[in-house]
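Engineer: Everything below, folded, please.
(one chain, ligands or ions: 2)
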Amino acid sequence: MSYRIEMKHITKIFGSLIANDDISIAIKKGEIHAILGENGAGKSTLMSILFGLYRPEKGDIYYDGKKVEINNPNDANRIGIGMVHQHFKLVEAFSVIDNIILGKEDARFGILSYIEARKKINQLIEKYNLRVDLDAIIKDISVGMQQRVEILKMLYRDSDVLIFDEPTAVLTPQEITELIQIMKNFSKEGKTIILISHKLNEIKQVADRCTVLRRGKLIQTVNVSDVSIKQMAEMMVGRSVSFEVHKQDAVLGDIILEVNQLHVDGESKPKVKDVSFQVRSGEIVGIAGIDGNGQTELIHALTGLRPIDGGSVRLKGIDITSLSIRQKYELGLAHIPEDRQKHGVILDFDLQSNLILQNFYQKQFQNHTFLRFDEILNHANELIEQFDIRSEGGAETILRSMSGGNQQKAIVSRELSKAHDLLIAVQPTRGLDVGAIEYIHSQLIKERDDHKAVLLVSLEIDEILDISDRILVMFEGEIIAEMNAKDADVNTLGRYMLGHRGGESS
Ligand SMILES: Nc1ncnc2c1ncn2[C@@H]1O[C@H](COP(=O)(O)OP(=O)(O)O)[C@@H](O)[C@H]1O
Ligand SMILES: [Mg+2]
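Structural biologist: Ligands and ions are numbered 1, 2, ... in the order given. Presented below is the predicted three-dimensional model:
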(Lines give C-alpha, C1' and ligand atoms only; values in the text may rest on other atoms or scores of the structure.)
(Ligands and ions follow the chains in the order given, each with its own letter.)
Protein backbone atom coordinates (compact mmCIF):
# COMPACT_ATOMS: atom_id res chain seq x y z
CA MET A 1 0.00 0.00 0.00
CA SER A 2 1.40 3.37 -0.88
CA TYR A 3 0.48 6.42 1.12
CA ARG A 4 0.11 10.05 0.08
CA ILE A 5 1.61 11.27 3.37
CA GLU A 6 3.69 9.49 5.94
CA MET A 7 5.04 11.12 9.05
CA LYS A 8 7.53 8.86 10.80
CA HIS A 9 8.73 9.08 14.41
CA ILE A 10 7.90 12.75 14.81
CA THR A 11 8.97 14.32 18.09
CA LYS A 12 8.37 17.97 18.92
CA ILE A 13 9.38 19.55 22.22
CA PHE A 14 8.37 22.96 23.61
CA GLY A 15 10.61 23.73 26.59
CA SER A 16 9.96 20.89 29.00
CA LEU A 17 6.81 19.72 27.25
CA ILE A 18 6.81 16.91 24.69
CA ALA A 19 3.96 17.99 22.43
CA ASN A 20 4.51 15.13 19.97
CA ASP A 21 6.24 12.02 21.25
CA ASP A 22 7.52 9.71 18.51
CA ILE A 23 4.35 9.86 16.42
CA SER A 24 4.00 7.91 13.19
CA ILE A 25 0.97 8.35 10.98
CA ALA A 26 0.16 7.38 7.38
CA ILE A 27 -2.54 9.01 5.29
CA LYS A 28 -3.97 7.30 2.21
CA LYS A 29 -4.60 9.18 -1.01
CA GLY A 30 -8.22 10.32 -1.25
CA GLU A 31 -9.22 9.43 2.29
CA ILE A 32 -10.72 11.66 4.95
CA HIS A 33 -8.49 11.08 7.92
CA ALA A 34 -9.46 12.51 11.29
CA ILE A 35 -7.00 13.43 14.01
CA LEU A 36 -8.83 13.07 17.28
CA GLY A 37 -7.67 14.16 20.71
CA GLU A 38 -8.53 16.29 23.71
CA ASN A 39 -7.32 19.84 24.02
CA GLY A 40 -3.55 19.91 24.25
CA ALA A 41 -3.14 16.39 22.87
CA GLY A 42 -0.76 17.68 20.18
CA LYS A 43 -3.01 17.65 17.10
CA SER A 44 -2.33 21.18 15.86
CA THR A 45 1.37 20.77 16.56
CA LEU A 46 1.58 17.62 14.44
CA MET A 47 -0.25 19.23 11.53
CA SER A 48 1.73 22.46 11.86
CA ILE A 49 4.83 20.35 11.35
CA LEU A 50 3.33 18.88 8.17
CA PHE A 51 2.51 22.41 6.99
CA GLY A 52 6.03 23.67 7.74
CA LEU A 53 5.15 26.00 10.61
CA TYR A 54 7.24 24.03 13.13
CA ARG A 55 10.41 22.01 12.71
CA PRO A 56 10.33 18.72 14.62
CA GLU A 57 13.22 17.67 16.86
CA LYS A 58 13.11 14.27 15.22
CA GLY A 59 11.30 12.47 12.45
CA ASP A 60 10.76 12.46 8.68
CA ILE A 61 7.97 13.24 6.26
CA TYR A 62 7.26 11.34 3.03
CA TYR A 63 5.02 12.42 0.17
CA ASP A 64 4.03 9.64 -2.24
CA GLY A 65 6.78 7.53 -0.75
CA LYS A 66 9.50 10.12 -1.29
CA LYS A 67 11.17 11.89 1.60
CA VAL A 68 10.51 15.65 1.58
CA GLU A 69 11.89 18.64 3.47
CA ILE A 70 9.18 21.03 4.63
CA ASN A 71 10.82 24.03 6.24
CA ASN A 72 8.04 26.58 5.80
CA PRO A 73 4.48 26.88 4.46
CA ASN A 74 5.79 27.76 1.00
CA ASP A 75 7.53 24.39 0.83
CA ALA A 76 4.27 22.76 1.91
CA ASN A 77 2.30 24.64 -0.76
CA ARG A 78 4.77 23.67 -3.45
CA ILE A 79 4.39 20.01 -2.54
CA GLY A 80 0.60 20.36 -2.57
CA ILE A 81 -0.27 20.67 1.11
CA GLY A 82 -2.67 23.39 2.29
CA MET A 83 -4.08 24.18 5.72
CA VAL A 84 -7.08 26.03 7.12
CA HIS A 85 -6.09 27.15 10.59
CA GLN A 86 -8.20 27.20 13.71
CA HIS A 87 -7.89 30.97 13.73
CA PHE A 88 -8.09 32.25 10.19
CA LYS A 89 -5.20 34.16 8.74
CA LEU A 90 -7.02 36.54 6.40
CA VAL A 91 -6.40 40.24 5.87
CA GLU A 92 -9.54 41.88 7.25
CA ALA A 93 -9.44 45.03 5.16
CA PHE A 94 -8.82 43.25 1.84
CA SER A 95 -11.39 41.83 -0.53
CA VAL A 96 -12.11 38.14 -0.82
CA ILE A 97 -10.37 37.80 -4.16
CA ASP A 98 -7.27 39.66 -2.98
CA ASN A 99 -7.02 37.37 0.02
CA ILE A 100 -7.22 34.32 -2.19
CA ILE A 101 -4.52 35.53 -4.53
CA LEU A 102 -2.30 37.08 -1.84
CA GLY A 103 1.19 35.62 -1.83
CA LYS A 104 0.55 33.80 -5.08
CA GLU A 105 0.62 36.83 -7.39
CA ASP A 106 2.47 36.43 -10.58
CA ALA A 107 5.63 38.56 -10.76
CA ARG A 108 4.14 40.09 -13.89
CA PHE A 109 0.85 40.53 -12.18
CA GLY A 110 -1.35 42.77 -14.27
CA ILE A 111 -4.92 43.17 -15.38
CA LEU A 112 -4.74 40.11 -17.61
CA SER A 113 -3.57 37.65 -14.99
CA TYR A 114 -6.06 39.19 -12.56
CA ILE A 115 -8.81 38.26 -14.97
CA GLU A 116 -7.31 34.79 -15.28
CA ALA A 117 -7.18 34.46 -11.53
CA ARG A 118 -10.83 35.43 -11.21
CA LYS A 119 -11.72 32.90 -13.87
CA LYS A 120 -9.88 30.11 -12.10
CA ILE A 121 -11.47 31.00 -8.75
CA ASN A 122 -14.94 31.09 -10.28
CA GLN A 123 -14.37 27.63 -11.71
CA LEU A 124 -13.41 26.35 -8.28
CA ILE A 125 -16.49 27.97 -6.73
CA GLU A 126 -18.65 26.28 -9.35
CA LYS A 127 -16.98 22.89 -9.07
CA TYR A 128 -17.11 22.60 -5.30
CA ASN A 129 -20.19 24.69 -4.62
CA LEU A 130 -18.27 27.22 -2.53
CA ARG A 131 -20.41 30.26 -3.24
CA VAL A 132 -18.87 33.49 -1.91
CA ASP A 133 -18.86 37.12 -3.08
CA LEU A 134 -15.36 37.70 -4.47
CA ASP A 135 -15.55 41.47 -4.12
CA ALA A 136 -16.79 41.64 -0.54
CA ILE A 137 -14.41 42.86 2.14
CA ILE A 138 -13.38 40.16 4.61
CA LYS A 139 -14.49 42.02 7.71
CA ASP A 140 -18.01 42.35 6.30
CA ILE A 141 -18.63 38.64 5.72
CA SER A 142 -19.62 35.91 8.16
CA VAL A 143 -17.18 33.52 9.74
CA GLY A 144 -18.59 30.70 7.64
CA MET A 145 -17.86 32.70 4.48
CA GLN A 146 -14.36 33.54 5.73
CA GLN A 147 -13.74 29.85 6.06
CA ARG A 148 -14.74 29.36 2.42
CA VAL A 149 -12.18 31.99 1.49
CA GLU A 150 -9.53 29.98 3.34
CA ILE A 151 -10.62 26.85 1.50
CA LEU A 152 -10.54 28.62 -1.87
CA LYS A 153 -7.07 29.85 -1.01
CA MET A 154 -5.87 26.25 -0.68
CA LEU A 155 -7.61 25.18 -3.86
CA TYR A 156 -6.22 28.15 -5.79
CA ARG A 157 -2.77 26.88 -4.86
CA ASP A 158 -3.71 23.49 -6.33
CA SER A 159 -3.30 21.74 -2.99
CA ASP A 160 -3.99 18.02 -3.03
CA VAL A 161 -3.76 17.50 0.68
CA LEU A 162 -6.13 19.72 2.64
CA ILE A 163 -5.70 20.08 6.39
CA PHE A 164 -8.63 21.48 8.40
CA ASP A 165 -7.89 22.43 12.02
CA GLU A 166 -11.14 22.23 14.01
CA PRO A 167 -13.12 23.78 11.14
CA THR A 168 -16.58 23.37 12.63
CA ALA A 169 -15.87 25.10 15.94
CA VAL A 170 -17.03 28.42 14.48
CA LEU A 171 -19.92 27.23 12.32
CA THR A 172 -23.68 26.89 12.67
CA PRO A 173 -25.27 23.44 12.22
CA GLN A 174 -26.32 24.27 8.65
CA GLU A 175 -22.82 25.45 7.77
CA ILE A 176 -21.39 22.29 9.31
CA THR A 177 -23.61 20.12 7.10
CA GLU A 178 -22.47 22.08 4.05
CA LEU A 179 -18.81 21.80 5.01
CA ILE A 180 -19.11 18.05 5.50
CA GLN A 181 -20.57 17.78 1.99
CA ILE A 182 -17.76 19.92 0.61
CA MET A 183 -15.16 17.70 2.26
CA LYS A 184 -16.81 14.61 0.82
CA ASN A 185 -16.72 16.18 -2.65
CA PHE A 186 -13.00 16.87 -2.27
CA SER A 187 -12.40 13.29 -1.36
CA LYS A 188 -14.39 12.09 -4.40
CA GLU A 189 -12.12 14.25 -6.55
CA GLY A 190 -9.15 12.35 -5.16
CA LYS A 191 -8.03 15.03 -2.75
CA THR A 192 -6.78 13.92 0.63
CA ILE A 193 -8.39 15.46 3.70
CA ILE A 194 -6.95 15.65 7.19
CA LEU A 195 -9.54 16.80 9.70
CA ILE A 196 -8.56 17.80 13.22
CA SER A 197 -11.49 17.55 15.60
CA HIS A 198 -12.64 16.55 19.01
CA LYS A 199 -16.26 16.23 17.93
CA LEU A 200 -16.97 12.55 17.77
CA ASN A 201 -20.24 12.57 15.86
CA GLU A 202 -18.70 14.67 13.11
CA ILE A 203 -15.82 12.27 12.75
CA LYS A 204 -18.29 9.41 12.63
CA GLN A 205 -20.21 11.18 9.83
CA VAL A 206 -17.36 12.17 7.60
CA ALA A 207 -14.08 10.35 8.24
CA ASP A 208 -12.79 7.06 6.81
CA ARG A 209 -10.05 6.55 9.35
CA CYS A 210 -9.12 8.23 12.59
CA THR A 211 -5.86 8.61 14.48
CA VAL A 212 -6.17 9.23 18.19
CA LEU A 213 -3.60 11.25 20.14
CA ARG A 214 -3.50 11.56 23.89
CA ARG A 215 -1.04 13.77 25.80
CA GLY A 216 1.39 13.92 22.90
CA LYS A 217 1.37 10.20 22.24
CA LEU A 218 -0.13 8.15 19.44
CA ILE A 219 -2.84 5.86 20.80
CA GLN A 220 -4.16 4.15 17.67
CA THR A 221 -5.32 4.55 14.08
CA VAL A 222 -8.69 2.91 13.43
CA ASN A 223 -11.30 2.50 10.70
CA VAL A 224 -14.11 4.77 11.80
CA SER A 225 -16.75 2.22 10.75
CA ASP A 226 -15.21 -0.37 13.07
CA VAL A 227 -15.60 1.67 16.28
CA SER A 228 -18.47 3.27 18.17
CA ILE A 229 -18.53 6.87 19.33
CA LYS A 230 -18.17 5.63 22.89
CA GLN A 231 -15.04 3.67 21.99
CA MET A 232 -13.53 6.69 20.27
CA ALA A 233 -14.24 8.80 23.35
CA GLU A 234 -12.56 6.25 25.55
CA MET A 235 -9.47 6.11 23.35
CA MET A 236 -9.36 9.90 23.48
CA VAL A 237 -9.60 10.36 27.26
CA GLY A 238 -8.22 7.03 28.43
CA ARG A 239 -11.18 6.06 30.57
CA SER A 240 -14.87 5.38 30.17
CA VAL A 241 -17.15 8.39 29.79
CA SER A 242 -20.85 9.03 29.93
CA PHE A 243 -22.54 11.34 27.46
CA GLU A 244 -26.00 11.23 28.83
CA VAL A 245 -27.22 14.20 30.76
CA HIS A 246 -29.75 12.94 33.27
CA LYS A 247 -32.26 15.42 34.52
CA GLN A 248 -35.73 15.53 35.95
CA ASP A 249 -38.37 18.01 34.87
CA ALA A 250 -37.76 21.51 36.16
CA VAL A 251 -39.66 22.57 39.26
CA LEU A 252 -40.17 26.29 38.89
CA GLY A 253 -40.04 28.67 41.84
CA ASP A 254 -40.02 32.45 42.18
CA ILE A 255 -38.69 34.87 39.62
CA ILE A 256 -35.05 35.48 40.52
CA LEU A 257 -33.76 37.49 37.58
CA GLU A 258 -35.90 39.97 35.73
CA VAL A 259 -34.47 41.84 32.77
CA ASN A 260 -36.53 44.64 31.32
CA GLN A 261 -35.89 46.43 28.00
CA LEU A 262 -32.16 46.19 28.56
CA HIS A 263 -30.12 48.30 26.17
CA VAL A 264 -26.38 48.52 25.53
CA ASP A 265 -25.08 51.04 23.00
CA GLY A 266 -22.57 50.16 20.33
CA GLU A 267 -20.57 52.21 17.85
CA SER A 268 -22.94 52.31 14.90
CA LYS A 269 -25.82 50.23 16.21
CA PRO A 270 -26.81 48.94 19.64
CA LYS A 271 -25.05 45.83 20.95
CA VAL A 272 -28.10 44.85 22.99
CA LYS A 273 -31.56 46.04 21.97
CA ASP A 274 -34.60 46.01 24.24
CA VAL A 275 -33.90 42.63 25.73
CA SER A 276 -36.45 41.37 28.27
CA PHE A 277 -36.64 37.97 29.95
CA GLN A 278 -36.95 36.29 33.33
CA VAL A 279 -35.24 33.38 35.01
CA ARG A 280 -37.00 31.53 37.83
CA SER A 281 -35.51 29.49 40.58
CA GLY A 282 -35.24 25.84 39.57
CA GLU A 283 -34.75 26.43 35.85
CA ILE A 284 -31.87 26.71 33.44
CA VAL A 285 -32.41 29.28 30.73
CA GLY A 286 -29.98 28.89 27.84
CA ILE A 287 -29.05 31.73 25.51
CA ALA A 288 -28.08 30.39 22.10
CA GLY A 289 -26.50 32.40 19.32
CA ILE A 290 -23.54 32.70 17.02
CA ASP A 291 -20.58 34.46 18.57
CA GLY A 292 -20.82 38.24 18.43
CA ASN A 293 -24.57 38.71 18.52
CA GLY A 294 -24.61 40.67 21.76
CA GLN A 295 -24.36 37.81 24.27
CA THR A 296 -21.09 39.08 25.74
CA GLU A 297 -22.40 42.63 26.12
CA LEU A 298 -25.65 41.42 27.66
CA ILE A 299 -23.81 39.41 30.29
CA HIS A 300 -21.33 42.20 30.98
CA ALA A 301 -24.26 44.52 31.57
CA LEU A 302 -26.03 42.06 33.88
CA THR A 303 -22.94 41.26 35.94
CA GLY A 304 -21.61 44.80 36.16
CA LEU A 305 -18.57 44.45 33.93
CA ARG A 306 -19.99 47.33 31.88
CA PRO A 307 -22.66 49.96 32.45
CA ILE A 308 -26.24 49.60 31.26
CA ASP A 309 -27.42 52.23 28.76
CA GLY A 310 -31.14 51.64 29.17
CA GLY A 311 -33.69 49.41 30.85
CA SER A 312 -33.54 47.72 34.22
CA VAL A 313 -32.44 44.55 35.97
CA ARG A 314 -33.95 43.06 39.13
CA LEU A 315 -32.51 40.34 41.31
CA LYS A 316 -35.04 38.78 43.69
CA GLY A 317 -37.17 41.88 43.17
CA ILE A 318 -34.41 44.32 44.06
CA ASP A 319 -33.39 46.83 41.40
CA ILE A 320 -29.69 46.14 40.76
CA THR A 321 -29.43 48.12 37.51
CA SER A 322 -26.77 50.46 38.78
CA LEU A 323 -25.23 48.50 41.64
CA SER A 324 -21.53 47.66 41.73
CA ILE A 325 -20.14 44.21 41.04
CA ARG A 326 -19.55 43.64 44.75
CA GLN A 327 -23.09 44.71 45.68
CA LYS A 328 -24.54 42.31 43.12
CA TYR A 329 -22.25 39.60 44.39
CA GLU A 330 -23.42 40.12 47.94
CA LEU A 331 -27.06 40.06 46.86
CA GLY A 332 -26.60 36.56 45.49
CA LEU A 333 -25.09 36.62 42.02
CA ALA A 334 -22.54 33.97 41.05
CA HIS A 335 -20.77 34.27 37.71
CA ILE A 336 -18.62 31.91 35.68
CA PRO A 337 -17.23 34.43 33.20
CA GLU A 338 -16.63 33.96 29.50
CA ASP A 339 -13.02 35.14 29.62
CA ARG A 340 -11.81 33.15 32.57
CA GLN A 341 -8.25 34.43 32.55
CA LYS A 342 -9.29 38.07 32.38
CA HIS A 343 -12.35 38.13 34.61
CA GLY A 344 -12.21 34.87 36.51
CA VAL A 345 -8.81 34.48 38.12
CA ILE A 346 -5.52 36.16 38.87
CA LEU A 347 -3.00 33.95 37.13
CA ASP A 348 -0.03 34.93 39.28
CA PHE A 349 -1.85 34.28 42.58
CA ASP A 350 -1.96 30.83 44.08
CA LEU A 351 -5.01 28.63 44.05
CA GLN A 352 -6.12 29.35 47.64
CA SER A 353 -6.07 33.12 47.02
CA ASN A 354 -8.01 32.69 43.80
CA LEU A 355 -10.67 30.80 45.71
CA ILE A 356 -11.42 33.84 47.92
CA LEU A 357 -11.02 36.63 45.36
CA GLN A 358 -14.44 38.09 46.07
CA ASN A 359 -14.86 37.35 49.74
CA PHE A 360 -11.42 37.86 51.29
CA TYR A 361 -12.82 40.84 53.21
CA GLN A 362 -15.48 38.81 54.96
CA LYS A 363 -15.21 37.80 58.62
CA GLN A 364 -14.57 34.20 57.76
CA PHE A 365 -11.25 35.11 56.16
CA GLN A 366 -10.29 38.34 57.88
CA ASN A 367 -9.87 39.34 61.48
CA HIS A 368 -9.29 43.08 62.08
CA THR A 369 -7.57 43.50 58.70
CA PHE A 370 -5.40 40.41 59.20
CA LEU A 371 -6.05 37.58 56.76
CA ARG A 372 -6.77 34.31 58.49
CA PHE A 373 -4.40 32.09 56.55
CA ASP A 374 -5.43 28.86 58.24
CA GLU A 375 -9.06 29.50 57.30
CA ILE A 376 -8.11 30.34 53.74
CA LEU A 377 -6.12 27.12 53.45
CA ASN A 378 -8.90 25.03 54.96
CA HIS A 379 -11.43 26.57 52.63
CA ALA A 380 -9.20 25.85 49.63
CA ASN A 381 -8.56 22.26 50.67
CA GLU A 382 -12.27 21.63 51.04
CA LEU A 383 -13.00 22.92 47.55
CA ILE A 384 -10.05 21.04 46.06
CA GLU A 385 -11.39 17.85 47.55
CA GLN A 386 -15.03 18.45 46.72
CA PHE A 387 -14.49 19.61 43.13
CA ASP A 388 -11.46 17.43 42.38
CA ILE A 389 -9.25 20.35 41.35
CA ARG A 390 -5.93 18.89 40.25
CA SER A 391 -2.58 20.64 40.40
CA GLU A 392 1.05 19.97 41.20
CA GLY A 393 1.19 21.76 44.54
CA GLY A 394 -2.36 21.82 45.92
CA ALA A 395 -3.65 25.04 47.48
CA GLU A 396 -0.33 26.78 46.92
CA THR A 397 -0.03 26.13 43.19
CA ILE A 398 0.25 29.30 41.14
CA LEU A 399 -2.79 29.37 38.90
CA ARG A 400 -0.84 30.04 35.72
CA SER A 401 0.79 26.63 35.93
CA MET A 402 -2.52 24.77 36.10
CA SER A 403 -4.31 23.34 33.06
CA GLY A 404 -7.26 25.25 31.59
CA GLY A 405 -9.71 22.61 32.79
CA ASN A 406 -8.51 22.85 36.36
CA GLN A 407 -8.47 26.66 36.30
CA GLN A 408 -12.09 26.45 35.22
CA LYS A 409 -12.89 23.98 37.99
CA ALA A 410 -11.38 26.44 40.46
CA ILE A 411 -13.72 29.19 39.26
CA VAL A 412 -16.71 26.86 39.24
CA SER A 413 -15.96 25.69 42.80
CA ARG A 414 -15.60 29.26 44.05
CA GLU A 415 -18.80 30.49 42.45
CA LEU A 416 -20.92 27.49 43.40
CA SER A 417 -19.71 27.43 47.00
CA LYS A 418 -20.63 31.04 47.74
CA ALA A 419 -24.13 31.96 48.87
CA HIS A 420 -26.15 32.68 45.74
CA ASP A 421 -29.56 32.47 44.09
CA LEU A 422 -28.56 33.19 40.51
CA LEU A 423 -25.73 31.57 38.58
CA ILE A 424 -24.68 33.10 35.28
CA ALA A 425 -22.47 30.64 33.41
CA VAL A 426 -20.92 31.80 30.15
CA GLN A 427 -19.31 29.19 27.94
CA PRO A 428 -18.57 27.15 31.04
CA THR A 429 -17.03 24.23 29.15
CA ARG A 430 -15.19 26.01 26.35
CA GLY A 431 -11.88 24.36 25.64
CA LEU A 432 -12.40 21.65 28.23
CA ASP A 433 -12.09 17.96 27.63
CA VAL A 434 -14.86 15.41 27.75
CA GLY A 435 -14.29 14.50 31.40
CA ALA A 436 -14.39 18.07 32.68
CA ILE A 437 -17.42 18.88 30.50
CA GLU A 438 -19.30 15.94 31.97
CA TYR A 439 -18.50 17.22 35.46
CA ILE A 440 -19.49 20.85 34.88
CA HIS A 441 -22.76 19.86 33.22
CA SER A 442 -23.70 17.75 36.21
CA GLN A 443 -22.92 20.70 38.49
CA LEU A 444 -25.17 23.04 36.49
CA ILE A 445 -28.04 20.61 36.77
CA LYS A 446 -27.38 20.15 40.47
CA GLU A 447 -27.63 23.93 40.89
CA ARG A 448 -31.02 23.91 39.25
CA ASP A 449 -32.19 21.01 41.39
CA ASP A 450 -31.03 22.99 44.45
CA HIS A 451 -33.56 25.68 43.40
CA LYS A 452 -31.06 28.16 42.01
CA ALA A 453 -31.80 30.15 38.87
CA VAL A 454 -29.28 29.39 36.14
CA LEU A 455 -28.60 31.50 33.07
CA LEU A 456 -26.37 29.63 30.61
CA VAL A 457 -24.78 31.29 27.59
CA SER A 458 -23.10 28.97 25.13
CA LEU A 459 -22.03 28.84 21.51
CA GLU A 460 -22.28 25.04 21.60
CA ILE A 461 -25.71 24.14 20.35
CA ASP A 462 -25.60 20.65 21.90
CA GLU A 463 -24.77 22.11 25.28
CA ILE A 464 -27.73 24.48 25.06
CA LEU A 465 -30.07 21.66 24.03
CA ASP A 466 -28.84 19.16 26.62
CA ILE A 467 -28.72 21.43 29.64
CA SER A 468 -31.41 24.11 29.28
CA ASP A 469 -35.05 23.94 30.24
CA ARG A 470 -35.93 27.00 28.20
CA ILE A 471 -33.98 28.50 25.29
CA LEU A 472 -33.66 32.08 24.07
CA VAL A 473 -31.92 32.86 20.79
CA MET A 474 -29.96 36.07 20.37
CA PHE A 475 -29.39 37.58 16.97
CA GLU A 476 -27.92 41.03 16.31
CA GLY A 477 -28.52 42.15 19.87
CA GLU A 478 -32.11 41.01 20.13
CA ILE A 479 -33.84 37.97 21.48
CA ILE A 480 -35.64 36.69 18.39
CA ALA A 481 -36.96 33.39 19.65
CA GLU A 482 -37.93 31.61 22.81
CA MET A 483 -38.77 27.95 23.13
CA ASN A 484 -39.12 25.10 25.50
CA ALA A 485 -35.97 22.96 25.26
CA LYS A 486 -38.13 19.88 24.78
CA ASP A 487 -39.60 21.35 21.60
CA ALA A 488 -36.26 22.47 20.18
CA ASP A 489 -33.98 20.65 17.78
CA VAL A 490 -30.63 21.44 16.19
CA ASN A 491 -32.08 22.55 12.86
CA THR A 492 -34.73 24.91 14.16
CA LEU A 493 -32.29 26.41 16.59
CA GLY A 494 -29.67 26.75 13.88
CA ARG A 495 -32.10 28.62 11.62
CA TYR A 496 -32.96 31.06 14.39
CA MET A 497 -29.26 31.57 15.08
CA LEU A 498 -28.89 32.72 11.47
CA GLY A 499 -31.61 35.29 12.02
CA HIS A 500 -34.63 33.54 10.56
CA ARG A 501 -37.47 34.56 12.78
CA GLY A 502 -40.46 32.42 13.71
CA GLY A 503 -42.51 31.10 10.81
CA GLU A 504 -39.95 31.65 8.10
CA SER A 505 -38.23 28.72 6.50
CA SER A 506 -35.07 28.59 4.45
N1 LIG B 1 4.26 27.40 20.39
C2 LIG B 1 4.14 26.70 21.53
N3 LIG B 1 4.94 26.93 22.59
C4 LIG B 1 4.84 26.22 23.73
N5 LIG B 1 3.95 25.24 23.93
C6 LIG B 1 3.10 24.96 22.92
C7 LIG B 1 3.15 25.67 21.67
N8 LIG B 1 2.20 25.16 20.85
C9 LIG B 1 1.58 24.20 21.56
N10 LIG B 1 2.12 24.07 22.80
C11 LIG B 1 1.74 23.08 23.81
O12 LIG B 1 1.82 21.80 23.22
C13 LIG B 1 0.72 20.99 23.62
C14 LIG B 1 -0.02 20.52 22.41
O15 LIG B 1 -0.69 21.63 21.83
P16 LIG B 1 -1.57 21.56 20.52
O17 LIG B 1 -0.82 20.82 19.46
O18 LIG B 1 -2.00 22.92 20.20
O19 LIG B 1 -2.79 20.67 21.02
P20 LIG B 1 -4.20 20.40 20.33
O21 LIG B 1 -4.20 21.02 18.98
O22 LIG B 1 -4.33 18.91 20.31
O23 LIG B 1 -5.22 21.02 21.25
C24 LIG B 1 -0.12 21.83 24.57
O25 LIG B 1 0.24 21.51 25.90
C26 LIG B 1 0.28 23.24 24.23
O27 LIG B 1 0.15 24.10 25.36
MG1 LIG C 1 -5.39 22.58 18.25
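
Engineer: Correct me if wrong: Ser322 contacts Ile308.
Structural biologist: Yes - the pair Ser322 / Ile308 is scored as a contact, 7.3 Å apart, by CB atoms under 8 Å. Placement of C-beta: from N, CA and C, glycine included.

Engineer: between the two, which one's more packed in?
Structural biologist: Higher neighbour count among Ser322 and Ile308: Ile308, with 21 against 11, using other CB atoms under 10 Å.

Engineer: and that one, what does it touch?
Structural biologist: Leu262, His263, Val264, Ala301, Thr321, Ser322 (CB atoms under 8 Å, 6 or more residues apart in numbering).

Engineer: Let me see the backbone angles for the nearest residue to Ile336 once chain neighbours are set aside.
Structural biologist: Using CB to CB, 6 or more residues apart in numbering and skipping the chain neighbours, the partner closest in space to Ile336 is Ala425 (4.3 Å). When read as degrees, to the nearest 10, the backbone of Ala425 gives phi -120, psi 120.

Engineer: beta partners of Ala425?
Structural biologist: For Ala425, the beta-bridge partners under DSSP bridges are Ile336, Leu456.

Engineer: So it versus Glu175, what's the distance?
Structural biologist: Noted for Ala425: a distance of 25 Å to Glu175, by CB to CB, to the nearest Å.

Engineer: and these two? which has more neighbours close in?
Structural biologist: Neighbour comparison, Ala425 and Glu175: the larger count goes to Ala425, with 28 against 21 (by other CB under 10 Å).

Engineer: which residues touch the more buried one?
Structural biologist: Each residue near Ala425 by CB under 8 Å, 6+ apart is listed here: His335, Ile336, Leu444, Val454, Leu455, Leu456, Val457.

Engineer: ok, back up a step: just among the contacts of Ile308, which is most surrounded?
Structural biologist: When neighbours are counted by other CB under 10 Å, Ala301 leads the contacts of Ile308 with 25 neighbours.

Engineer: what helix or strand is that residue on?
Structural biologist: Assigned by DSSP states H and E, Ala301 belongs to helix 295-303.

Engineer: same for that helix, what does it pack against?
Structural biologist: strand 255-264, strand 272-280, strand 422-426, strand 453-457 (3 or more CB pairs under 8 Å, 6 or more residues apart in numbering; DSSP states H and E).

Engineer: For the contacts of Ala425, which two are the farthest from each other?
Structural biologist: Distances among the contacts of Ala425 were taken as CB to CB; the most separated pair is His335 and Leu444, at 13.4 Å.

Engineer: Let's have the contacts of Ala425 in JSON lines, adding neighbour count and pLDDT.
Structural biologist: Output for the contacts of Ala425, formatted as JSON lines (neighbours: other CB atoms under 10 Å; pLDDT from 0 to 100):
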{"residue": "His335", "neighbour count": "25", "pLDDT": "95"}
{"residue": "Ile336", "neighbour count": "25", "pLDDT": "94"}
{"residue": "Leu444", "neighbour count": "26", "pLDDT": "95"}
{"residue": "Val454", "neighbour count": "25", "pLDDT": "98"}
{"residue": "Leu455", "neighbour count": "25", "pLDDT": "98"}
{"residue": "Leu456", "neighbour count": "26", "pLDDT": "98"}
{"residue": "Val457", "neighbour count": "23", "pLDDT": "97"}
